[in-house]
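Visitor: I'll drop the sequence and a predicted model, then ask my questions.
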Amino acid sequence: MLKKGTINKLFAFGVAGLMLVACKQEENHRGWQYMPDMYDGPALEAYSPTDLFSDSTSARKPVEGTIPRGFMSYEHYSADAAGYDSAKANMNLPAGFVADEQSMAEAKELYTIFCAHCHGDKGDGQGVLVKNEKFLGVPNYADRDINYGSIFHVITYGKGVMGSHASQVTPEERWKLALYVMELKEAMAAPAKEEAPAEEDATTAVAEEESSES
């Protein structure tokens, strides 16, 4: 019968032997793995082919009817001209949407990131890409018949050479952008309104002078 000390020594030698066997000199060899799935996960690389599914595509579509957290349905307004006209006629700022100082500061930051390079800091259509002739024909907000609904629709679906920004800004951020765009439009329209009476007065004075001379 083996003594307890002998058993302990045999056990120690056995463990040491296993450790030596598990350690190989190959650079990329991990040795013997107790639980291989802890090292080599079963997850597939995105878009890599696989025989697990009939279409051989590893990137699966969401389950039908699945919507992301915070999703706002926009199905009532299509991406075509009819949807644009409908959004322009029927959409407005959501009830309770607050245009406070913080919201407008965030709106300005969003505009600077996503819009100013084409539309310009003032909304005059003279962004850096326009000045460098990368894009042409970007409209001046003051010359456009736009409102909150039409702006939201264009940000969501795009229009003309402008693509959709729906994947870049949330619905709440789109409303903030709509607020800021309308603020720029009103700021550019104000000087034009102030100049109009002065021009009318000058025209009237010339007419009166010509009338008195005759």
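Guide: Happy to help now that I have it. Residues are numbered from 1 along each chain as shown.
Visitor: show me the contacts for the residue nearest the centre of the chain.
Guide: Geometric centre of the chain, nearest residue: Q168, 0.5 Å, by Cα atoms, centre = their mean. Q168 makes contact with F114 under the criterion Cβ atoms under 8 Å, 6 or more residues apart in numbering. For the C-beta atoms, the positions are set from N, CA and C on the backbone; glycine is no exception.
Visitor: next, give phi and psi for it.
Guide: When read as degrees, to the nearest 10, the backbone of Q168 gives phi -110, psi -30.
Visitor: same thing with the one 3 residues further on?
Guide: Phi and psi for P171, reported as degrees, to the nearest 10, are phi -50, psi -40.
Visitor: distance of it relative to I155?
Guide: Going from P171 to I155 by Cβ to Cβ, to the nearest Å gives 9 Å.
Visitor: compare those two (neighbour count), which wins?
Guide: Just comparing P171 and I155: by other Cβ atoms under 10 Å the higher neighbour count belongs to I155, 24 against 17.
Visitor: where's that one, which helix or strand?
Guide: Per DSSP states H and E: I155 is located in helix 148-157.
Visitor: how far off centre is that helix?
Guide: 14 Å (Cα atoms, centre = their mean, to the nearest Å).
Visitor: tell me which other helices or strands that helix touches.
Guide: Packing contacts for helix 148-157, counted by 3 or more Cβ pairs under 8 Å, 6 or more residues apart in numbering; DSSP states H and E, involve helix 81-90, helix 171-213.
Visitor: lowest mean pLDDT across these, which one is that?
Guide: When the helices and strands packed on helix 148-157 are ranked by mean pLDDT, helix 171-213 comes last with a mean of 72.
Visitor: and the end-to-end length of stretch 80-97?
Guide: 27 Å (Cα to Cα, to the nearest Å).
Visitor: so which residues make contact with that stretch?
Guide: The contact list for stretch 80-97, computed with Cβ under 8 Å, 6+ apart, reads 76-78, 146-150, 152-154, 157, 159, 175, 178-179.
Visitor: if any of those are buried, put those into a ChimeraX selection.
Guide: The ChimeraX command for the buried members of the contacts of stretch 80-97 (criterion: 16 or more other Cβ atoms under 10 Å) is given here:
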select :77,146,147,148,149,150,152,153,154,157,175,178,179
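Visitor: list of residues touching the helix holding I155?
Guide: For helix 148-157, contacts defined as Cβ under 8 Å, 6+ apart pick out 74, 77, 79, 83-84, 87-93, 159, 162, 164-166, 169, 174-175, 177-179, 181-182.
Visitor: mind listing what G17 touches?
Guide: Not one residue lies near G17 by Cβ under 8 Å, 6+ apart.
Visitor: in a helix, it, correct?
Guide: Yes. Using DSSP: H, G, I helix; E, B strand; the rest coil, the secondary structure at G17 is a helix.
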